[in-house]
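Trainee: the following comprises the amino acid sequence and a computationally predicted model.
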Amino acid sequence: MHRIVESIVSLAQHLVGIATDPEQYRPARCPHCGYARVWRHGCYHRKADRSAGGALNPVPVLRFLCQACVATCSRLPACIAPRRWYDWGVQQAVLMLLLLGESLHGCARRAGVDRRTARRWRDWLHERDTQFAFVLRSRWPELGRVADFNAFWRNVIDELTLQQAMHWLDRERVVP
Ligand SMILES: [Zn+2]
């Protein structure tokens, strides 16, 4: 869906970008119908700053409206994970601990997230594994043909980081 603007990698950069150069967020075409003219359509706000105090919250996210099908879409900077409160870094840390054999309870405690959140992330990766792995291997054959789930995803996190892997999937129209 091309929901992610890859060049924006920090919240500070995002806030400056929205204020000084919002055009960089405009999608080339509507992700729903492909029409090439989309209008700016305000913004919504979300909690995205997970640092102590969350001084940068609420963080604006720009929305766009298609002139043809009238659907709206939003464009997220790379530093905000779609539909997730936590950023990819926290999610990656939790998944890596799980892939290394840590228990759900243990890794939730160590990463400072709720155990149900850790379980949701684990289940998400298992559910989407076949599709994700197929697309990632077609781009990075060096990730190998390892059949072992844990070994493959440890490779992905080591070689690419979860954030980069999810950006590639987003570009390939595989919605993370
Ligand atoms: Zn459209």
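Mentor: Perfect, I can see it now. Numbers count the residues shown, from 1 in each chain.

Trainee: residues in contact with the helix ranked longest in the chain?
Mentor: Longest helix of the chain, by residue count under DSSP state H: helix 115-139. Applying Cβ atoms under 8 Å, 6 or more residues apart in numbering, the external contacts of helix 115-139 come out as 86, 91, 94-95, 98, 104-105, 107-108, 111, 143-145, 149, 152-153, 156, 160, 165, 168-169, 172, 174, 176. C-beta: built from backbone N, CA, C; applies to glycine.

Trainee: what do you get for stretch 157-169?
Mentor: Contact with stretch 157-169 is made by 4, 6, 78, 81, 88-89, 91-92, 95-96, 99, 132, 135-136, 139-140, 142-143, 156, 175-176, as judged by Cβ under 8 Å, 6+ apart.

Trainee: around the ion, pick out the residues from the protein.
Mentor: Taking Cβ under 5 Å from the ion as the contact definition, the chain meets the ion at Cys30, His32, Cys33, Tyr35, Cys66, Ala68, Cys69.

Trainee: residue nearest the centroid of this structure?
Mentor: Ala81 (3.4 Å; Cα atoms, centre = their mean).

Trainee: quick check: that residue vs Gly144, distance?
Mentor: Per Cβ to Cβ, to the nearest Å, Ala81 is found 26 Å from Gly144.

Trainee: so who does the residue of the chain most remote from its centre touch?
Mentor: Most distant residue from the mean C-alpha position of the chain: Ala68, 27.4 Å away (Cα atoms, centre = their mean). Ala68 sits next to Cys30, Cys33, Tyr35, Arg37 when contact means Cβ under 8 Å, 6+ apart.

Trainee: at 6 Å what do you get?
Mentor: By Cβ atoms under 6 Å, 6 or more residues apart in numbering, the contact list for Ala68 reads Cys33, Tyr35.

Trainee: what secondary structure does it sit in?
Mentor: Of the three states, Ala68 takes coil under DSSP: H, G, I helix; E, B strand; the rest coil.

Trainee: ok, which stretches of this protein are helices?
Mentor: So, for the chain - with DSSP H - the helices run 11-20, 88-99, 104-111, 115-139, 149-159, 162-171.

Trainee: can you list the buried residues in the last one?
Mentor: Yep, that's helix 162-171 we're talking about. Residues Leu162, Gln163, Gln164, Ala165, Met166, His167, Trp168, Leu169, Asp170 are the ones in helix 162-171 that count as buried (16 or more other Cβ atoms under 10 Å).

Trainee: I appreciate the help and will end here.
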